[in-house]
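okay, sequence plus prediction incoming.
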Amino acid sequence: MTSRLDSADKRIVLFSALALMLLTTLALLFAPGGQGGSVGFPSSYSPDPNGAKAAYTLLEEMGYQVARWANPPEDLPKISRNTLLIIAGPIIPSSAEEGRQLKQFVAGGGHLLITGMIGAAMIEAKSVVPAVAPPDEWQTFAAEVPAPLALHAPEISMQFPAHWAQLGAGQLRYYGSAQGATVTKLRVGKGEIIWWGADSPLTNSGITKSSNLALFLNCLGSPSQTRVLWDEYFHGVRAGFWQYVSRTPLPWGLLQLLILAAFVLITFGRRSGALRPLARPSCLSPLEFVETVGALYQRKGAAAGALEIAYARFRFLLARRLGIPSSATTADLVKSVRERPGWTIPGFAENMQQIESAVKLQKVRELQALAWVGELYDISRKLGLEG
């Protein structure tokens, strides 16, 4: 025996199918790609021209103790001497608490290599100005002081660098232009911060330009004495199982299954639930209310007030149907009704004038008021004003 779905069940099934198709489309459009894709920032996972997998692999081959860092700054080692944290091209700004924890890490003896405008904001640099050159243009900067940081690096190339305009006390400038420094170093407590105006010198496409590789290695120090942490936390990578799962299409799939299960339960409940008679609303309450209000008007002898209410509502509905302001005069209403094709109402103008006069004078007999209210109701029904 086959059962036919009623129209309500068909609508539920159709809506669930459409919702499933929509969620699938969104999952395909917005699901994050793999770590090796074109991410557009110096991730140690990315072989893209803007990635930094080449620099990370080079450090491994040179014998550095290098590891990716996907934890918040509060988990950085407390004893941070000989530990260098690289925050290259951060795309997620740090919170105030995270910025304080980064400074605490450096003050304890740690070293920080950080780049760009967002990096400057993370260390609370106040006088860093954004780049003004075209984004695709590479700029060359010559070494300004003979120092270990500029060893074997007479010039470097950067793409779209920011500039540190005004240096603080004890802050050293190594490369730059008239706009400000593009490579600078400052001490914080027992440690130091090295800031680059852009992350391009360590990217896959920029590490081989000019003396960029020499600059990068000079910032790191000796392989046997330096532990390098390559930050991926501010690239959006978060440690932990659920953080990993959140970057896969799995949550979208689970959401689709939950919605589908909800629609199945709703459909099953409608088909298999207990049968109950429809609740019929009582017709007594509205009639009792009408009778009570009518008795009050009758006891007070306020037939004119009841007529005024019915007349005001009629005027409002008529003006709305005619498309004229509700403040239109009675003459305008009568004229508009006469000009409307098919609206022929005998005695309409006289009745309107008499009702308006009675409302203004507030003097009308109950039988006459009842007759006029009935007349207004008949006209409303004839013209379809209640629809």
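Perfect, I can see it now.

where does the prediction get shaky in this protein?
For the chain, the stretches with pLDDT under 70 are 1-6, 9, 27-39, 239-248, 269-274, 281-287, 290, 293-294, 296-302, 386-387.

quick one, helices of it?
7-30, 53-61, 96-107, 116-122, 212-220, 241-246, 250-272, 284-300, 303-322, 330-339, 348-361, 366-383 (DSSP state H).

CSV please, covering those and showing mean neighbour count and distance to residue 162.
C-beta: built from backbone N, CA, C; applies to glycine. Below are the helices of the chain laid out as CSV (neighbours: other Cβ atoms under 10 Å; distance: least, Cβ to Cβ, whole Å):
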stretch, mean neighbour count, distance to residue 162
helix 7-30, 12, 30
helix 53-61, 17, 20
helix 96-107, 17, 18
helix 116-122, 21, 5
helix 212-220, 20, 17
helix 241-246, 11, 30
helix 250-272, 13, 36
helix 284-300, 10, 73
helix 303-322, 18, 62
helix 330-339, 15, 68
helix 348-361, 16, 76
helix 366-383, 16, 72
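
tell me who's in contact with residue 69.
Residue 69 is in contact with 76, 85, 229, 230, 231, 232, 233, counting by Cβ atoms under 8 Å, 6 or more residues apart in numbering.

same question for residue 172.
145, 147, 184, 185, 186.

picking that back up, now the contacts of residue 69 as TSV including neighbour count?
What follows is those, written out as TSV (neighbours: other Cβ atoms under 10 Å):
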residue	neighbour count
76	21
85	24
229	23
230	24
231	24
232	20
233	21
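
residue 327: which of these is nearest?
Taking Cβ to Cβ as the measure, residue 233 is the one of the contacts of residue 69 closest to residue 327, at 65.2 Å.

for that closest one, give its distance to residue 69.
Distance, residue 233 to residue 69, using Cβ to Cβ, to the nearest Å: 6 Å.

make CSV out of the contacts of residue 69 and add distance to residue 197.
As requested, these are exported to CSV (distance: Cβ to Cβ, whole Å):
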residue, distance to residue 197
76, 24
85, 19
229, 22
230, 20
231, 18
232, 22
233, 22
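
what number of residues lie near the residue nearest to residue 135 when sequence neighbours are not counted?
Sequence neighbours aside, residue 160 is the residue nearest to residue 135 in space, at 4.7 Å (criterion: Cβ to Cβ, 6 or more residues apart in numbering). By the criterion of other Cβ atoms under 10 Å, residue 160 has 19 neighbours.

next: residue 113.
24.

one more: residue 202?
Counted with other Cβ under 10 Å, residues neighbouring residue 202 total 25.

that one contacts residue 52, correct?
Yes - shown here, residue 202 and residue 52 form a contact pair, counting by Cβ atoms under 8 Å, at 5.6 Å.

overlap of the contact sets of the two?
Common neighbours of residue 202 and residue 52, counting by Cβ under 8 Å, 6+ apart, are 42, 88.

circling back: residues contacting the residue nearest to residue 135?
Applying Cβ under 8 Å, 6+ apart to residue 160 gives the contacts 131, 133, 134, 135, 136, 137, 198, 200.

out of those residues, which is nearest to residue 329?
Nearest member of these to residue 329, counting by Cβ to Cβ, is residue 135, at 66.9 Å.

pop out the phi and psi values for that closest one.
In terms of degrees, to the nearest 10, the main-chain angles of residue 135 are phi -60, psi -30.

and it, how far from residue 155?
Counting by Cβ to Cβ, the gap from residue 135 to residue 155 is 21 Å.

repeat that for residue 367.
106 Å.

again, but for residue 173
Distance, residue 173 to residue 155, by Cβ to Cβ: 15 Å.

show me the chain divided up by domain.
10-29+249-272, 53-245, 284-383 (automatic domain parsing).

and those: which comes nearest residue 40?
Once the domains of the chain are compared by Cβ to Cβ, domain 53-245 is nearest, at 8.6 Å.
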